[in-house]
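Colleague: what's the 3D shape of this:
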Amino acid sequence: MLYRNRIQKKRAYHASTFNIILMLFGYGITIVLYVGNIIYVNRLASQVSQLQSRYVKIANTNTILQAEVDRKSARERIGKLASKMLGLKYPKEQPTRFEIDEVKLGKAMAD
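Modeller: Sure thing, here's the model as predicted:
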């Protein structure tokens, strides 16, 4: 009687071939998905690296262009070019301010 109980207990823990194949198939799918995820993450990391290097290049170009704009818009440079090319000069006297009478201006515009 004891021998039969042991055999029955062993059979109760026995896994069928179908369950083993199903479990192996599930592990295989899990491994394939995991490897696919690793490959996808590596591609994304590569794209991030490329975009960061592109950003650095664009930022450097932007800095160079900003420096060029600052250099070309300097007041001294514009003053030199205006006097050399157009013959303009800085005024020696301060400009005088005067008031405009709106009534007289309206009459002059109406005529």
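Colleague: Where does M23 sit, in terms of helix or strand?
Modeller: helix 17-72 (DSSP states H and E).
Colleague: wait, I meant M109
Modeller: helix 102-110.
Colleague: hang on, the earlier thing: tell me which helix or strand comes right after the helix holding M23.
Modeller: Using DSSP H and E, the first helix or strand after helix 17-72 is helix 75-81.
Colleague: Rounded mean pLDDT for that following helix, please.
Modeller: Throughout helix 75-81, pLDDT has a mean value of 86.
Colleague: now stretch 85-105
Modeller: Stretch 85-105 comes out with an average pLDDT of 85.
Colleague: next one: that stretch to chain centre, how far?
Modeller: 49 Å (C-alpha atoms, centre = their mean, to the nearest Å).
Colleague: What are the contacting residues of that stretch?
Modeller: Stretch 85-105 has contacts (C-beta atoms under 8 Å, 6 or more residues apart in numbering) with 79, 82-83. (Each C-beta comes from the backbone N, C-alpha and C, glycine too.)
Colleague: any idea how far G87 lies from R43?
Modeller: Separation of G87 from R43 (C-beta to C-beta, to the nearest Å): 63 Å.
Colleague: and what of L88?
Modeller: From L88 across to R43, the span is 60 Å (C-beta to C-beta).
Colleague: quick revisit: G87 and R43 - which one has more neighbours?
Modeller: Legend: neighbour count by other C-beta atoms under 10 Å for G87 and R43, higher for R43 (10 against 7).
Colleague: Quick check, pLDDT for that one.
Modeller: So R43 comes in at 98 (pLDDT).
Colleague: how close does it get to G36?
Modeller: R43 sits 11 Å away from G36, going by C-beta to C-beta.
Colleague: Kindly report the same for T17.
Modeller: From T17 across to G36, the span is 29 Å (C-beta to C-beta).
Colleague: These two - which one has more neighbours?
Modeller: G36 (10 against 7).
Colleague: how close does the more buried one sit to S16?
Modeller: According to C-beta to C-beta, G36 stands 30 Å off from S16.
Colleague: same deal with R43?
Modeller: In this view, R43 and S16 are 41 Å apart by C-beta to C-beta.
Colleague: so how many other residues sit close to G79?
Modeller: Counted by other C-beta under 10 Å, the residues lying close to G79 total 13.
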